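Novice: the following block contains a protein sequence and its predicted model.
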Amino acid sequence: MTRREATTTYPQFPLLRCQIQKISALDQLPATAASSPEADLSVVLEASAKLTTRQAHRRRNDCPRPYSEGDDSDDLVPVPPPAHFPDTPKTDELTGLVMNIVIPFAPASDRRSLPVMVYVHGGSLLYGGANLPIFNAVNLVSQSIKMGKPIICVNFNYRVGLGGFLASEAIRRELQDDGFQGCGNFGFTDQKVAFDWVQRYIATLGGDPDNVTAVGESAGGISISNQLAATHPPRFRRAVCMSGLSVSIPPWTIEQHEALFRAVCRYFKIDASQPDVLDRLRQIPQQKMANSTPAIQGVLSGTGNPCLDGWFYQTDPCEIQKAPTWLEALMIGDTYHEGVIFHLNLLDDDFASIRRTLLDHIQNDDETDQILREYDIHHALPHDMLLGRVEHMCGDAVFKIPNYATALENTTLRDKGGLFLYHFDQRSRLKNPLEGTAYHAHELLYLYKNLETEMDESERGLAEGFATAWIRFCNGEAPWSARKGEWKVWGPGSVQSVKNEEEDEETRSYQRMKRILAMGNGETWKRWLAGVDVLVNKRMNMGKVA
């Protein structure tokens, strides 16, 4: 790999590829196409009709991510690959920016410009990808057609993990030498490239570039929240952040990133101080580099982290955000059992280690103990009960309290009728370790409706209602009726309701959230969140194996 070839991977991909599925309400007519961002898409669409069946049914490349058995389907995203996509995608950083587009089939006489939903996948900025079967938008688009509110759905890959978010002074210097600014955040600039592509070409596919809604779950919501803080944000009118805001995965300073960079170099026995350090890192196969991440981070399931590089951000992503004035509407929400995703990373902790980690960041014994008392966490608990309560506390810290604080912060948007809040409490009946929980990402089964065969009639009804709300939102409508202080609640028992904070206090503990947010003049909860981040992601282990 030459220097020029290598540096093209930093600011953007050299090639953007599209996979297009054109469907009616009942049928899907899959077609596949590839184009550079400079191509005339009408030519691409014409060429797609001439592709062989094998080409038309093959998923394009993924970006490298740590590999695990059953990568396409696990307990969080339990949807197997469809029969018409039998091949496992290959991984390649240079051709991994894949865009999947699902378009309603319409007669040539129908010249409507359709609303566009651009979905950003999750995965802790380390895992995930647009090709995962759970994100197949055919059923969602089919429902939009039946409703008479057709939408186009787009999702895409972006670089994750070390390929997407590694930063260091060496990388900064090379970028500057090549005429680029910033450092790290390559996954975010990939996202910007994809959104820019939509602006330039979606009209050719019948979409309205002025009517785009950005939707993301987990790291996808975190990504959208970071993009809202960007100096040069993508163009979209509305945003949905499902189970994730910018504070959920904390952006790091360049000094924090430098520590990870040195740990990566030690792991591969490369001298980080040498001028050829980046060239030597590029010689490591991409998948080998991705697979090394858990060992380097010292945790089974870690994260990628954005970089406070002095260029990407206009506003501080480490603070609760007030929506920019150009954003027309914002939807945020969470699941009841968010914290179960931290279970494996917390298995070896006891009360002493948990309290010590939190105290290291809160720096106040009384405040640390007050927060632990809020969740009835104490040293006498049996280990399984201790972990259950700590998981709940961590789910509040990382997801629910930031959502609540954001709702309190955005009074202007709320008063304009542009703020929508929800909780997803529907329990899973799938026979896996997450059975009986409203786990992180469970709502995706109800949005994309790709496991309806496992649902009973009431669950299918809830899925239709859930997807309907998102379709209405993408069409510029209110997804549900709610007044100030009210949240839409989905489940349990497939029940849909709208509740104010008083009605939902027993389930949600809003008063506890308020007490924590008020501690230390509003500063203690930020230090607590920093401690929770270290606790659940085992930041203290980084580089120890290396």
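Specialist: Arrived safely, thanks for sending.
Novice: could you verify that residue 408 is part of a strand?
Specialist: No. Counting by DSSP: H, G, I helix; E, B strand; the rest coil, one finds residue 408 to be helix, located in no strand.
Novice: do you know the pLDDT at it?
Specialist: We have a pLDDT of 96 for residue 408.
Novice: list the contacts of it.
Specialist: With contact set as CB atoms under 8 Å, 6 or more residues apart in numbering, residue 408 has these partners: residue 517. Backbone N, C-alpha and C define where each C-beta goes, glycine included.
Novice: any idea how far it is from residue 505?
Specialist: 16 Å (CB to CB, to the nearest Å).
Novice: residues of stretch 142-160 that come out buried?
Specialist: Within stretch 142-160, the residues scored as buried using 16 or more other CB atoms under 10 Å are 142-145, 147, 149-160.
Novice: out of the residues you listed, name the ones that lie in helices.
Specialist: 142-145 (DSSP state H).
Novice: quick one: strands adjacent to the longest strand seen in the chain?
Specialist: Longest strand in the chain, counting residues (DSSP state E): strand 207-217. Partners of strand 207-217 in the sheet, by DSSP bridges, are strand 114-120 (parallel), strand 238-242 (parallel).
Novice: rebuild these as a markdown table, extending it with distance to residue 206 and mean pLDDT.
Specialist: Putting the strands paired with strand 207-217 into a markdown table (distance: least, CB to CB, whole Å; pLDDT from 0 to 100) gives the following:
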| stretch | distance to residue 206 | mean pLDDT |
| --- | --- | --- |
| strand 114-120 | 6 | 98 |
| strand 238-242 | 19 | 99 |
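Novice: residue 210 is nearest to which of the ones you listed?
Specialist: Ranking the strands paired with strand 207-217 by proximity to residue 210 (CB to CB) places strand 114-120 first, at 9.5 Å.
Novice: identify the residues contacting the closest one?
Specialist: 104, 130, 135, 137, 149-156, 158, 191, 194-195, 198, 202, 206-209, 211-216, 219-221, 223-224, 236, 470, 474-476.
Novice: remind me which helix or strand residue 100 belongs to.
Specialist: strand 98-104 (DSSP states H and E).
Novice: okay, now residue 486: neighbour count?
Specialist: 18 (other CB atoms under 10 Å).
Novice: list the contacts of it.
Specialist: By CB under 8 Å, 6+ apart, the neighbours of residue 486 are 421, 498-500.
Novice: if we go to 7 Å?
Specialist: Contact analysis of residue 486 by CB atoms under 7 Å, 6 or more residues apart in numbering lists 498-500.
Novice: tell me the bridge partners for it.
Specialist: residue 500.
Novice: now do it, the pLDDT please.
Specialist: Residue 486 is given a pLDDT of 96.
Novice: okay, it and residue 492: tell me how far apart.
Specialist: For residue 486, the distance to residue 492 - CB to CB - is 19 Å.
Novice: so where do the helices sit in the stretch 251-400 of the chain?
Specialist: Along the stretch 251-400 of the chain, counting by DSSP state H, counting those that start in this stretch, helices occupy 254-267, 277-282, 286-291, 293-297, 343-346, 351-362, 365-374, 383-395.
Novice: ditto for the stretch 401-546 of the chain
Specialist: For the stretch 401-546 of the chain, the helices defined by DSSP H, counting those that start in this stretch occupy 401-409, 411-415, 444-448, 457-474, 505-508, 510-518, 524-537.
Novice: out of those helices, flag the one nearest residue 95.
Specialist: So among those, helix 444-448 is nearest, using CB to CB, at 25.3 Å.
Novice: mean confidence for the closest one?
Specialist: 98.
Novice: any idea how far that helix is from the middle of the chain?
Specialist: Centroid separation for helix 444-448 versus its chain: 15 Å, with CA atoms, centre = their mean, to the nearest Å.
Novice: and residue 451, how many neighbours does it have?
Specialist: 20.
Novice: for it, what are its contacts?
Specialist: Contacts of residue 451 by CB under 7 Å, 6+ apart are 78-79, 445.
Novice: hmm, 8 Å instead?
Specialist: 78-79, 430, 445.
Novice: and for residue 491?
Specialist: 424-427, 438, 462.
Novice: any idea how far it is from residue 452?
Specialist: Using CB to CB, we find residue 491 at a distance of 16 Å from residue 452.
Novice: same question, residue 535
Specialist: Going from residue 535 to residue 452 by CB to CB gives 37 Å.
Novice: so what's the residue count around the residue lying closest to residue 429 once chain neighbours are set aside?
Specialist: Nearest non-adjacent residue to residue 429, counting by CB to CB, 6 or more residues apart in numbering: residue 435, 6.6 Å away. By other CB under 10 Å, 12 other residues sit near residue 435.
Novice: do residue 387 as well
Specialist: Residue 387 has 19 neighbours, counted by other CB under 10 Å.
Novice: on that earlier part again, what's the angle from the helix or strand just after the longest strand of the chain to helix 401-409?
Specialist: Once the chain leaves strand 207-217, the next helix or strand it forms, by DSSP H and E, is helix 219-228. Counting by axes from the mean of the first three to the mean of the last three CA atoms, to 10 degrees, helix 219-228 lies at 40 degrees to helix 401-409.
Novice: give the buried residues for helix 219-228.
Specialist: 219-228.
Novice: find me the pLDDT at the nearest residue to residue 352 once chain neighbours are set aside, would you?
Specialist: Excluding its sequence neighbours, the residue lying closest to residue 352 (CB to CB, 6+ apart) is residue 379, at 7.3 Å. At residue 379, the pLDDT value in this model is 97.
Novice: of the contacts of residue 451 - the most surrounded one?
Specialist: Counting neighbours by other CB under 10 Å, residue 445 comes out on top of the contacts of residue 451 with 23 neighbours.
Novice: what separation is there between the closest residue to it other than its chain neighbours and residue 134?
Specialist: Nearest-residue entry for residue 445: residue 451, 5.0 Å, with adjacent residues in sequence omitted and distances by CB to CB, 6+ apart. From residue 451 across to residue 134, the span is 8 Å (CB to CB).
Novice: what residues do the two have in common as contacts?
Specialist: In terms of CB under 8 Å, 6+ apart, residue 451 and residue 134 are both contacted by the residues 78-79, 445.
Novice: out of those, who's nearest residue 352?
Specialist: residue 78 (35.8 Å).
Novice: A strand includes the closest one, no?
Specialist: No. Assessed with three-state DSSP, residue 78 is coil; it does not lie in a strand.
Novice: partners of residue 217 in the sheet?
Specialist: Following DSSP bridges, residue 217 is listed with bridge partners residue 242.
Novice: correct me if wrong: it contacts residue 122.
Specialist: Yes. The criterion here is CB atoms under 8 Å, and residue 217 meets it with residue 122 at 4.8 Å.
Novice: now for those two: what residues contact both?
Specialist: 243-244, 441.
Novice: what about residue 274, how many residues nearby?
Specialist: Neighbours of residue 274 (other CB under 10 Å): 12.
Novice: ok, now which ones touch it?
Specialist: residue 280.
Novice: in CSV: the helices of the stretch 401-546 of the chain, plus distance to residue 350.
Specialist: Shown next, in CSV, are these (distance: least, CB to CB, whole Å):
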stretch, distance to residue 350
helix 401-409, 24
helix 411-415, 42
helix 444-448, 33
helix 457-474, 38
helix 505-508, 28
helix 510-518, 23
helix 524-537, 12
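Novice: what's the most buried one of the ones you listed?
Specialist: Most buried of the helices of the stretch 401-546 of the chain, by mean neighbour count (mean count of other CB atoms under 10 Å): helix 444-448, with a mean of 25.
Novice: now do it: which elements does it pack against?
Specialist: Applying 3 or more CB pairs under 8 Å, 6 or more residues apart in numbering; DSSP states H and E, one finds that helix 444-448 contacts helix 138-146, helix 457-474.
Novice: let's have those helices in TSV, adding distance to residue 389.
Specialist: Shown next, in TSV, are those (distance: least, CB to CB, whole Å):
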stretch	distance to residue 389
helix 138-146	36
helix 457-474	28
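Novice: so which of these gets nearest residue 399?
Specialist: Of the helices and strands packed on helix 444-448, nearest to residue 399 by CB to CB is helix 457-474, at 18.2 Å.
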